[in-house]
Structure formats: structure tokens, C-alpha cells
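**Q** below are the sequence and a predicted model for it; my questions follow.
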Amino acid sequence: MDARKKAIFQLHLAVFLFGFTGILGKLILLPALTLVWWRSLLSWMFMLPHLKKAGGLKSLDRRQYWIYLGIGGVVALHWICFYGSIKLSNSSVAMVCLAFIPIFTAFCESIFHWQPLRKVDVLTGCLTIPAMWLILQNIDLQYRLGFFVGVLAALLSAVFVTLNKKYIHGAGPIQISWLELFAVWLVLSVLLPFYSMSAPQAAFLPDLSSAVYLVVLSYFCTALAYVMSLKALYHTSAFSAMLAFNLEPVYGILFAMVLLKEHKELNAPFYLGVAILLSAVFLYPMLKKRFPGKLNPMEHVK
């Protein structure tokens, strides 16, 4: 198997593993903050051998440390919102919110890099509006807060994806990932005591089944999947990578239907909204490749 085919296989396997994060979040019987604390702790510990193999953190200066730790703080908020969305609604609702990430990322890149918006960005953003309306109108009232928290999780994901892209050349992917995971754990270590004081009855130690799911989530669906996806990105195009990552909510929703039977809690119009949203998301990289023009009326005036 040549390097490119191996990379594509690794990338799709990584995305397949990422797809399990939603149902594992539902199966782990811990509050969102506690779950994220355990996930981040185990993940950065599992990544230590990869970090050592990559040469450690000696090549980074103080500024780079603070940049990646700061981005890790955004990742922490994203994970809190994502698992909060699962706890407030269900795995399917939280996973479908992740489909907004590519659209939010396009707008974040425009803001962070002072780039004019592409026509295709605006068009795709408009296509998500009826999808969002259909989804929102066809979930129980008790799930709506979970949906909005999930959309916030997608926005936070777009922010840290954009920041990572901006500062990716400052260090190797293993160093960046480890520092960001460590930062997630630091942020949660600060927040968790306050949460424990406000909710003293909340569980901190997982039961046996939750502990097993946490290990699976932290090793296979975080540390291993992160390393595989990062290595694969060196040999795949941005177009192929975006198409692969867009499969994550698809896998997550399918897993929730098969393993958690969540389709019984949702109706056909909800899945129609999901289909419209996913269609827009999958069309986005194709349209972006086909029509690279930007929303700049002076672009052709020389």
C-alpha cells in the first residue's frame, strides 16, 4: 500500500473512531465537566509515548507554549459544550450540531485572517438555515437547550480549528495536540472544584462500565485517532480531508440509531433537516473547489 492510500485509510479510520465519541458520551454516567476532566487526563497520558518519540517539547519557546495552551482552553470549552449537549438532549442531536463546523470555520477564517467571504461560504450558510429550522421544530422542548449548546460547541470547534491553522507551523502536530489536551485538563482542574461545590451530589469516580468506556474514548477515540489523523494529513489533500471529517456526524448519528435506538426519540422531519444539513456540508468542499471566487466586488478591478 502506497503512502497516499495508507493515509486515506488511516484518516477514514480516525474519523470512524471520532464518530463513537457521541454515544460514548451518552454511555458514560458522569456529568459533562467530570467526563471531560477524565477524558483529557487519560488522553494526554496516552499520548506521552508519541510525544517522547516526537522529541518532546524542547524545541518550543515560551510564546508557543502560551499560544497552544490558550487554544487548548478553547478546546476545553468545546468539549464541555459538546458533552453538555449530549447530557441535555441525546447523542444524535449533539452529533448533528457538529455538521455546522465547516460553515462556522469558513466565517471564522474570514474574521481571523481578514479575508473576504467566498460566495460559496454564504450560499452554504444560507442552506443550513432551513435545515436548522427543521431540526429545531422537530425535537422535544427538553432537547432544544441541548441543540443550542451543541451549536455553540460547533462554533468553538471552528474557532480552535482556525487558530490551529494559523499557528500550525510553530510546532509539530504531536506537540500541539499534547499541549492542547494538557491545557484542557488544566482548565477542567480549575473549574471542577467550583462545580463540585455547586453540585456536591454529582459523581466524580466512574463506575466499572463508565471506566471502560472512558478508556475506549480516551485511547481509541482521542489519542490514537488524533495521531492517525495528524499523520494522514501530511499525505492527503485538504479536499479529501474535509470530505472525510464531514463523515463524523454521519457515523455518530448512525451509531446512535443502531446502538442507542435514538431514532425512536426523533421523527422523520428531524432526519430530513439532518439530510439537508449534511447535503450542504458535503457539497461545500466540492463547490469551494469548483468556484473559488470571493465576495469582493473590487476583485477584478485592476
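**A** It's in.
**Q** where does Thr236 land in three-state SS?
**A** coil (DSSP: H, G, I helix; E, B strand; the rest coil).
**Q** phi and psi next, for it.
**A** Main-chain dihedrals, Thr236, degrees, to the nearest 10: phi -120, psi 160.
**Q** burial measure for it, as a count.
**A** 19 (other Cβ atoms under 10 Å). Where C-beta positions appear, they are placed from N, C-alpha and C, glycine not excepted.
**Q** over to the one 5 residues further on?
**A** Neighbour count for Ala241, taken as other Cβ under 10 Å: 18.
**Q** also the one 5 residues further on?
**A** Asn246: 19 surrounding residues under other Cβ under 10 Å.
**Q** isn't it right up against Phe282?
**A** Yes: counting by Cβ atoms under 8 Å, Phe282 is a contact partner of Asn246 at 5.7 Å.
**Q** can you map out the helices along the stretch 151-300 of the chain?
**A** 173-198, 208-215, 225-233, 238-245, 247-259, 268-290 (DSSP state H, counting those that start in this stretch).
**Q** and the last one with helix 247-259, angle?
**A** Which is helix 268-290. When axes from the mean of the first three to the mean of the last three Cα atoms, to 10 degrees is applied, the directions of helix 268-290 and helix 247-259 differ by 160 degrees.
**Q** pull out the buried residues from helix 268-290.
**A** 270-271, 273-274, 276-278, 280-282, 284-285, 287-288 (16 or more other Cβ atoms under 10 Å).
**Q** Lys166 against Trp114, yeah?
**A** No: using Cβ under 8 Å, Lys166 makes no contact with Trp114, being 11.7 Å away.
**Q** ok, back up a step: let's have the helices of the stretch 151-300 of the chain in a markdown table, adding distance to Ile86 and mean pLDDT.
**A** Compiled in a markdown table, these are given as follows (distance: least, Cβ to Cβ, whole Å; pLDDT from 0 to 100):
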| stretch | distance to Ile86 | mean pLDDT |
| --- | --- | --- |
| helix 173-198 | 16 | 94 |
| helix 208-215 | 13 | 98 |
| helix 225-233 | 18 | 86 |
| helix 238-245 | 19 | 79 |
| helix 247-259 | 10 | 94 |
| helix 268-290 | 16 | 87 |
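**Q** okay if I get the ones you listed as a markdown table plus distance to Leu29?
**A** Output for these, formatted as a markdown table (distance: least, Cβ to Cβ, whole Å):
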| stretch | distance to Leu29 |
| --- | --- |
| helix 173-198 | 16 |
| helix 208-215 | 5 |
| helix 225-233 | 23 |
| helix 238-245 | 29 |
| helix 247-259 | 16 |
| helix 268-290 | 26 |
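**Q** Lys166 and Trp114: which is more packed in?
**A** Lys166 (14 against 7).
**Q** ok, now which ones touch that one?
**A** 112-113 (Cβ atoms under 8 Å, 6 or more residues apart in numbering).
**Q** if you set the cut-off to 7 Å instead, what comes out?
**A** Applying Cβ atoms under 7 Å, 6 or more residues apart in numbering to Lys166 gives the contacts Phe112.
**Q** same deal with Lys87?
**A** Lys87 touches Ala32, counting by Cβ under 7 Å, 6+ apart.
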